[in-house]
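# build me a structure from this.
(chains A and B)
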Amino acid sequence: MPTLNEYLLMGGLLFAIGLCGVMIRTNIIVILMSLEMMLSAANLTLVAFWRFGGGEGLPAQSYNAQVMVFFVITVAAAEVAVGLAIIVALFRSRQTVEVKELRSMKG
Amino acid sequence: MSLLFYIFSGLMLGFGLMVIVCRNPLSSALCLVISFLGLAALFVTLNAYFISVIQILVYTGAVMVLFLFIIMLLDIREEKSKDWNLLALGGGVIVLFGFVAQLISVLGGFDEGKQKMVPFPEDLSHEDVKMIGVEIFTNYNFHLQVLGVLLLVATIGVVVLSRQQGKEGSENN
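This next block holds a predicted model:
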């Protein structure tokens, strides 16, 4: 059976991949996808702590952690809808999704 | 059990890495779908069945379809320049390795985390949807209503964003 540390390591690695993606990619849609990945990694960590929260490998008594994950997923879905609407508006006015070319605020 | 854990973790991390390596946004989106399926399987191994199902329904069912729809609507092709931005690439890799080193050093000293998982208590194993429902509609009822307002605001915001853009577009033409 896996230990809590293994789950935390997997969540942390997924978060690190998402963070790396946000930094190295220039396509704004892929940046948004990497953000989604980071949110999901945080969810995995939260559920792992719930599963081991009772000590000795038993789950926690209350289901607060899963309720919080449910809320996080809902907010993430709303965030994606608004983010993609902004990207579409941006594309219509600038004809690009490359962050390298979106620098009208750069001095 | 342990073998399945490693298979699905590998699937999740491997395709997660493919998301940021692929040059084509379309293949990135499809890799992200598989990555999220692996994540949902990990939720099943953690006995969080409800979370696993809404992960599949919301992320791979709704969010990723929205991503694919936008990528195809805007007709975004593969990036033309083959060379990576070296500064950003170096920074990203340094942050990646720094984060992983920090993670390993913290987890190494975290004794609570060394506990092995024991099988889920039998009397609770099919109760999670009921327990989450009770929790949401008693202790977190107000939060749920706030969340409903948030979704309404997001819907209105999206409609306003696309309408305003349409108006400007018709003025320009």
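# right, and the helix or strand after the helix or strand that residue B:132 is a member of?
In this structure, residue B:132 sits in helix B:128-138 according to DSSP states H and E. Toward the C-terminus, helix B:128-138 is succeeded by helix B:141-172 as the next helix or strand (DSSP H and E).
# pull out the buried positions in that next one.
For helix B:141-172, the buried set under the neighbour-count rule, 16 or more other Cβ atoms under 10 Å in any protein chain shown, comprises B:147, B:154, B:158, B:161, B:165. C-beta here means a position set from N, CA and C on the backbone, and glycine is covered the same way.
# now the helix holding residue B:132: buried residues?
Residues of helix B:128-138 classed as buried: B:128, B:131-132, B:135-136 (neighbour count, 16+ other Cβ under 10 Å).
# how about the residues you listed in JSON lines, adding pLDDT and distance to chain A?
Formatted as JSON lines, the buried residues of helix B:128-138 follow (pLDDT from 0 to 100; distance: Cβ to the nearest Cβ, whole Å):
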{"residue": "B:128", "pLDDT": "84", "distance to chain A": "7"}
{"residue": "B:131", "pLDDT": "88", "distance to chain A": "4"}
{"residue": "B:132", "pLDDT": "90", "distance to chain A": "5"}
{"residue": "B:135", "pLDDT": "90", "distance to chain A": "5"}
{"residue": "B:136", "pLDDT": "92", "distance to chain A": "6"}
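# show me the shaky parts of the chain.
Chain wasn't specified; assuming chain A. A:106-107 (pLDDT under 70).
# nope, chain B
Along chain B, segments meeting pLDDT under 70 span B:79-84, B:164-173.
# recalculate using a threshold of 80.
B:1, B:77-85, B:113, B:121-126, B:164-173 (pLDDT under 80).
# mind giving me the domain ranges of it?
Domain ranges of chain B: B:1-78, B:128-173, per automatic domain parsing.
# closest to residue A:68 out of these?
Of all the domains of chain B, domain B:128-173 sits nearest to residue A:68, with 8.9 Å by Cβ to Cβ.
# show me how far that closest one is from its chain's centre.
Relative to its chain's centre, domain B:128-173 lies at 18 Å (Cα atoms, centre = their mean, to the nearest Å).
# likewise for stretch A:42-52?
14 Å.
# how about it and chain B, any contact?
Yes - Stretch A:42-52 reaches chain B (Cβ under 8 Å from any Cβ of the partner chain) through A:43-44, A:47-48, A:50-52.
# columns secondary structure and distance to residue B:19 on top of these, output as TSV?
Converted to TSV, the residues of stretch A:42-52 next to chain B look like this (DSSP: H, G, I helix; E, B strand; the rest coil; distance: Cβ to Cβ, whole Å):
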residue	secondary structure	distance to residue B:19
A:43	helix	17
A:44	helix	16
A:47	helix	21
A:48	helix	22
A:50	helix	26
A:51	helix	26
A:52	coil	28
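# next, format the residues you listed as JSON lines and append neighbour count and distance to residue A:87.
JSON lines is the format used below for the residues of stretch A:42-52 next to chain B (neighbours: other Cβ atoms under 10 Å in any protein chain shown; distance: Cβ to Cβ, whole Å):
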{"residue": "A:43", "neighbour count": "26", "distance to residue A:87": "24"}
{"residue": "A:44", "neighbour count": "26", "distance to residue A:87": "26"}
{"residue": "A:47", "neighbour count": "26", "distance to residue A:87": "30"}
{"residue": "A:48", "neighbour count": "28", "distance to residue A:87": "32"}
{"residue": "A:50", "neighbour count": "22", "distance to residue A:87": "34"}
{"residue": "A:51", "neighbour count": "23", "distance to residue A:87": "36"}
{"residue": "A:52", "neighbour count": "25", "distance to residue A:87": "39"}
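# distance to residue A:7 added to these, as JSON lines?
As requested, the residues of stretch A:42-52 next to chain B are exported to JSON lines (distance: Cβ to Cβ, whole Å):
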{"residue": "A:43", "distance to residue A:7": "12"}
{"residue": "A:44", "distance to residue A:7": "7"}
{"residue": "A:47", "distance to residue A:7": "8"}
{"residue": "A:48", "distance to residue A:7": "4"}
{"residue": "A:50", "distance to residue A:7": "11"}
{"residue": "A:51", "distance to residue A:7": "8"}
{"residue": "A:52", "distance to residue A:7": "8"}
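# near chain A at all, the one helix or strand residue B:88 maps to?
Using DSSP H and E, residue B:88 sits in helix B:86-108. Yes - Helix B:86-108 comes into contact with chain A (Cβ under 8 Å from any Cβ), by way of B:88-89, B:91-93, B:95-96, B:99-100, B:103-104, B:107.
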